[in-house]
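> predicted model and sequence below, questions to follow.
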There are 2 protein chains.
Amino acid sequence: MEQINILTQNGLKVTKPRVTILNILEHVNKPLTAEEIYLKLQKIDKSINLSTVYRVLEVFIKNQIITKPFIKDDNKASFIINHHEHKHFLICSKCQKMVEIGECPFKTFEKSLEKETNFTITNHRFELFGICPNCK
Amino acid sequence: MEQINILTQNGLKVTKPRVTILNILEHVNKPLTAEEIYLKLQKIDKSINLSTVYRVLEVFIKNQIITKPFIKDDNKASFIINHHEHKHFLICSKCQKMVEIGECPFKTFEKSLEKETNFTITNHRFELFGICPNCK
DNA sequence: AGTTTAATGCAAATGATTTGCATTTACATT
DNA sequence: AATGTAAATGCAAATCATTTGCATTAAACT
């Protein structure tokens, strides 16, 4: 199973919570909150604890298996599998529906900004908000 | 005083907490957390309460006097005066220093994305992260 | 299989933000 | 200028996402 490879490659023990969470995130492939992950987990294995979810997410972030792209206005953080692509989302302010944006237009922008500010730029966040066709 | 105009223009009662918070945000002109605002307030008037800070910020957001541009990884939200400019920041991951980015390169990008997705785009967030010259 | 060390479950703690309620204050009206 | 009223505030307690301490369990090495 691919999930197991990712774990062993990162020197992480292969445990049920880790495999299952990774599996969920792989298949969903869009940002989920810790609680959303927890609810999906509950359908698979009732015994997995919410604090385990947080701890697993923490380890995954450290190992760059996932990223925490943003914290929404409701104060909940989101987590998404890290395919080392630059992904950005357009989020409906009413129904929270997310649509992926095809292209990330910042590569060249970052380069010129590094020269200008003398920062070393490691990362960026970009999200768009609007009203989706259904909610209009 | 300009702060009073902004309040009355928005049909808001002119109170000391509101005037003072607005004054702070006007002069700082960069994102502050509720607690940072509270600490600055304490130096001016010990009696103003943290929950009042939150309530004032909430009203200001509703009236679009300020915006809540992002929530940092430490789960603290930031608030900035809304001059209806598109402002974005480059944030040092070590010292949290913020540098304003001169230009917002998304206007045309948003237009084409609206056609593509059929969303009505109302807003966006963009932050860059890196290491500042001092921290390197 | 046995040993070791890290991962987990559970319950309690934490910390940012929110809320209920009694009191105070802004401001419209007299 | 004094008064009435609804909205704003201070204070304490509640809430909610996230984190942590600790006893137990389980992965993976020998």
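Right, received. Where do you want to start?

> just want to check the distance between the residue nearest the centre of chain A and residue B:39.
Closest to where the C-alpha atoms of chain A average out (Cα atoms, centre = their mean) is residue A:80, at 1.7 Å. Residue A:80 sits 34 Å away from residue B:39, going by Cβ to Cβ, to the nearest Å. Where you see a C-beta, it was placed from the backbone N, CA and C, and this is true even at glycine.

> hmm, who's touching stretch A:35-53?
Under the criterion Cβ atoms under 8 Å, 6 or more residues apart in numbering or on different chains, residues A:16, A:17, A:20, A:21, A:24, A:25, A:32, A:34, A:57, A:76, A:79 lie in contact with stretch A:35-53.

> which element is the fourth one on?
Residue A:21 is part of helix A:16-28, with elements assigned from DSSP states H and E.

> any residue of whatever helix or strand comes next after that helix touching DNA strand D?
Where DSSP H and E defines the elements, the next helix or strand beyond helix A:16-28 is strand A:32-33. Yes. Using Cβ under 7 Å from any atom of the strand, strand A:32-33 comes into contact with DNA strand D via residue A:33.

> and what of stretch A:65-78?
Yes. Residues of stretch A:65-78 are located near DNA strand D by Cβ under 7 Å from any atom of the strand, namely A:71, A:74, A:75, A:76, A:77.

> surely the second one forms part of a helix?
No. Counting by DSSP: H, G, I helix; E, B strand; the rest coil, residue A:74 is not part of a helix but coil.

> what is the neighbour count of residue A:28?
14 (other Cβ atoms under 10 Å in any protein chain shown).

> what is the most widely separated pair among the contacts of stretch A:35-53?
A:16 and A:76 (24.6 Å; Cβ to Cβ).

> surely residue A:126 forms part of a strand?
Yes. Per three-state DSSP, residue A:126 lies within a strand segment.

> please tell me how far it sits from residue A:135.
Separation of residue A:126 from residue A:135 (Cβ to Cβ) stands at 22 Å.

> okay, the two: which has more neighbours?
residue A:126 (22 against 14).

> tell me the secondary structure for the closest residue to residue A:18 other than its chain neighbours?
Of all residues beyond its chain neighbours, the one nearest residue A:18 is residue A:56 (5.5 Å), with distances taken as Cβ to Cβ, 6 or more residues apart in numbering or on different chains. Per three-state DSSP, the local secondary structure of residue A:56 is helix.

> report pLDDT for residue A:56.
Per-residue confidence (pLDDT) for residue A:56: 98.

> centroid-wise, who is the farthest residue in chain A?
Going by Cα atoms, centre = their mean, the residue of chain A most distant from its centre is residue A:116, 30.1 Å out.

> in what helix or strand does that residue lie?
Going by DSSP H and E, residue A:116 is part of helix A:107-117.

> okay, the closest residue in space to residue A:34 that isn't next to it in sequence and residue A:117: tell me how far apart.
Setting aside the residues directly before and after it, residue A:34 is nearest to residue A:53 in space (Cβ to Cβ, 6+ apart), at 5.3 Å. Plainly put, residue A:53 is 37 Å away from residue A:117 if you go by Cβ to Cβ.
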